[in-house]
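Undergrad: sequence and predicted structure are below.
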Amino acid sequence: MIKKTFVTLFLCSSILSPAMAESETTDITVYRSPTCGCCKKWVQHLKDNHFNVTDIVKDDMQSIKQALGIPRALASCHTAVVNGYTVEGHVPATDIKNMLTQNADIAGISVPGMPAGTPGMEMGGRKVPYQVVSFDKKGEFKVFNQYNVAQ
């Protein structure tokens, strides 16, 4: 009886674990300007992708970016912190999750500027190619992921 119960529990947990993993949430703190509409849309994108968002509205975003060491070339409109990493701009939730899963030795990731078609910057069918860039504490950066119009 014990053996049968263990096998049943093992099989049930194996079947349920992907669904349970998908429903797990990750805490993330987002800093954004009170006047930015695309930032609100990006926050909703995070919530839709199982992030537990603490939404902090700030008038002085530049001081947040400086304190977190975001290189000027990688700046965008909003900034987030998740598990010790910095996320700058309209980074897709899947890239944030990939960064966390990889436990990457970086300071964070960014989508510089505000490219059309990124999460929060949806403009109908208009999409431009863009890159998600990783950066370290020395300010060095490299391509983490890239999105082409054809994707």
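TA: That came in fine, so what should we check first?
Undergrad: alpha carbons only for contacts and neighbour counts from here, please
TA: OK.
Undergrad: separation between Asn145 and Val91?
TA: Relative to Val91, Asn145 is positioned 10 Å away (Cα to Cα, to the nearest Å).
Undergrad: which neighbours do the two share?
TA: When Cα atoms under 8 Å, 6 or more residues apart in numbering defines a contact, the residues bordering Asn145 and Val91 alike are Val132.
Undergrad: between those two, tell me which one has more neighbours.
TA: Neighbour count, other Cα atoms under 10 Å: between Asn145 and Val91, Val91 has more, with 22 against 13.
Undergrad: quick one: the helices in the chain, in order.
TA: Counting by DSSP state H, the chain has helices at residues 2-23, 37-48, 61-68, 93-102.
Undergrad: looking at those helices, which has the lowest confidence?
TA: For the helices of the chain, mean pLDDT drops lowest on helix 2-23, to a mean of 38.
Undergrad: ok, Asn145 - contacts?
TA: Contact analysis of Asn145 by Cα under 8 Å, 6+ apart lists 95, 131-133.
Undergrad: check it and give its pLDDT.
TA: 97.
Undergrad: quick one: it from Cys39, how far?
TA: As judged by Cα to Cα, Asn145 and Cys39 stand 21 Å apart.
Undergrad: then Arg32?
TA: 6 Å.
Undergrad: and Ala93, by the same measure?
TA: Per Cα to Cα, Ala93 is found 14 Å from Cys39.
Undergrad: run a quick neighbour tally on Gly125.
TA: By other Cα under 10 Å, 8 other residues sit near Gly125.
Undergrad: circling back to that earlier point, by neighbours, which of the contacts of Asn145 wins?
TA: Val132 (22 neighbours).
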